[in-house]
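Enquirer: I would like to see how this sequence folds:
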Amino acid sequence: MDDDMIRTLIAMDQRARKLVQAEKDRRSAAKAEIAQEKQELADSYQRHAQEYIRKMKEKADQKNARQLAQAEENFRQVEASLEKQYQQNKERWIRELVDRCI
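Expert: Numbering: from 1, shown residues only. Predicted coordinates for the structure are as follows:
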């Protein structure tokens, strides 16, 4: 009778060990899956962030290009206005400078 009881206990212990090992394996697999999902989420977030940054940079570059073009146009207009004033008044300004110096 004792032999049967020992065999039963050994069999129960073996089953318990298998169950424990199966749960350890399941837990390990779940941890690996979570780690993989975590990495995939981080990669996805990184891609989205880089895409957002690229779009924002593109918008900023376009805005800067428009502002630069406007500033250049304003400069050309001011330059043309000053050149026109110079051409209209250069003789008078030269005479006035000469008269003040003499």
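
Enquirer: going forward, measure contacts and count neighbours with C-alpha atoms only.
Expert: Will do.

Enquirer: buried sites along stretch 44-55?
Expert: By neighbour count with 16 or more other CA atoms under 10 Å, stretch 44-55 contains no buried residues.

Enquirer: distance from that stretch to the middle of the chain?
Expert: Offset of stretch 44-55 from its chain centre (CA atoms, centre = their mean, to the nearest Å): 5 Å.

Enquirer: same thing with stretch 95-102?
Expert: Stretch 95-102 sits 64 Å away from the centroid of its parent chain (CA atoms, centre = their mean).

Enquirer: just checking, what packs against the helix or strand hosting K84?
Expert: Assigned by DSSP states H and E, K84 belongs to helix 2-101. Packing partners of helix 2-101 (3 or more CA pairs under 8 Å, 6 or more residues apart in numbering; DSSP states H and E): none among the helices and strands.

Enquirer: pLDDT (mean, whole number) over that helix?
Expert: Average pLDDT, helix 2-101: 96.

Enquirer: now for D4, how many residues are close by?
Expert: D4 sits with 9 neighbouring residues when counted by other CA atoms under 10 Å.

Enquirer: E83 now?
Expert: Residues near E83, counting by other CA under 10 Å: 13.

Enquirer: any idea how far R76 is from it?
Expert: Counting by CA to CA, to the nearest Å, the separation of E83 from R76 is 10 Å.

Enquirer: please apply the same query to R66.
Expert: In this view, R66 and R76 are 15 Å apart by CA to CA.

Enquirer: N89 now?
Expert: 20 Å.

Enquirer: R7 now?
Expert: 102 Å.

Enquirer: repeat that for I10.
Expert: 97 Å.

Enquirer: repeat for E58
Expert: 27 Å.

Enquirer: what's the answer for Q39, then?
Expert: Q39 is 54 Å from R76, by CA to CA.

Enquirer: now Y86
Expert: Y86 sits 15 Å away from R76, taking CA to CA as the criterion.

Enquirer: same question, E91
Expert: 24 Å.

Enquirer: now swap in E96 and tell me
Expert: As defined by CA to CA, E96 lies at a distance of 28 Å from R76.

Enquirer: for stretch 16-31, list the C-alpha coordinates in CSV.
Expert: Extracted in CSV, the C-alpha atoms of stretch 16-31 (Å, rounded to 0.1, in the frame of the first residue of the first chain):
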residue,chain,number,x,y,z
ALA,A,16,2.5,19.5,-10.9
ARG,A,17,6.1,20.1,-12.2
LYS,A,18,4.8,19.8,-15.8
LEU,A,19,2.0,22.3,-15.0
VAL,A,20,4.4,24.7,-13.3
GLN,A,21,6.8,24.4,-16.3
ALA,A,22,4.0,25.0,-18.8
GLU,A,23,2.9,28.1,-16.9
LYS,A,24,6.5,29.3,-16.8
ASP,A,25,6.8,28.8,-20.5
ARG,A,26,3.5,30.6,-21.0
ARG,A,27,4.6,33.4,-18.9
SER,A,28,7.9,33.7,-20.7
ALA,A,29,6.1,33.7,-24.0
ALA,A,30,3.7,36.4,-22.8
LYS,A,31,6.6,38.5,-21.6
